[in-house]
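Colleague: Show me the folded form of this:
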Amino acid sequence: MKMQAEVIREGELEKRSDSLFQLWKKKLVVLTKDSLSLFPDGHKRAKGKELGFGSMDCVERTGKYIYFTIVTKDRKEIDFRCPDQSCWNASITMALIDFQNKRAIQDFKSRQEMEQAAGTQERRLARAP
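Modeller: Next up is the predicted model:
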């Protein structure tokens, strides 16, 4: 059973469709410390699409209205817009930065542990007859 992540923010955003006409469609969006989940019908009953922060590169803000693009690691761009003053782009950016900082600390600790283990092994081999 997957543990439910703590919700940082929940609300409505508009997502540009991938179709030929690129229409804007409203989505219920749930931001957690690890991901952004999109629900197509405005209800969490439906199966949502989860964009994990491990796959996100950036959030940008442009124009009079708040438009922003999330670029995934595989270079897919997903465009969103929201009402002015909603600060959705800032909320997502801050959650993404927090996620990346935690990942960097974990990677650093893992490298330190591997280096310490390798040093211990070298000392054992040096003492061996």
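Colleague: which residue ranges form the helices in the protein?
Modeller: Assigned helices in the chain, in chain order: 88-127 (criterion: DSSP state H).
Colleague: residue closest to the middle of the chain?
Modeller: With distances taken as CA atoms, centre = their mean, Phe53 lies nearest the centre of the chain, 2.0 Å away.
Colleague: The residue lying closest to Gly52 once chain neighbours are set aside: what's it in contact with?
Modeller: The spatially closest residue to Gly52, leaving aside those adjacent along the chain, is Ser35, at 4.7 Å (CB to CB, 6 or more residues apart in numbering). All C-beta atoms are positioned from the backbone trio N, CA, C, and that covers glycine. Ser35 sits next to Ala5, Glu50, Leu51, Gly52, Phe53 when contact means CB atoms under 8 Å, 6 or more residues apart in numbering.
Colleague: what about the first one, how many neighbours?
Modeller: In this case it means Ala5. 13 (other CB atoms under 10 Å).
Colleague: mind showing which ranges of this protein have poor pLDDT?
Modeller: Low-confidence segments of the chain, defined by pLDDT under 70: 1-4, 41-43, 45-46, 61, 63-64, 121-129.
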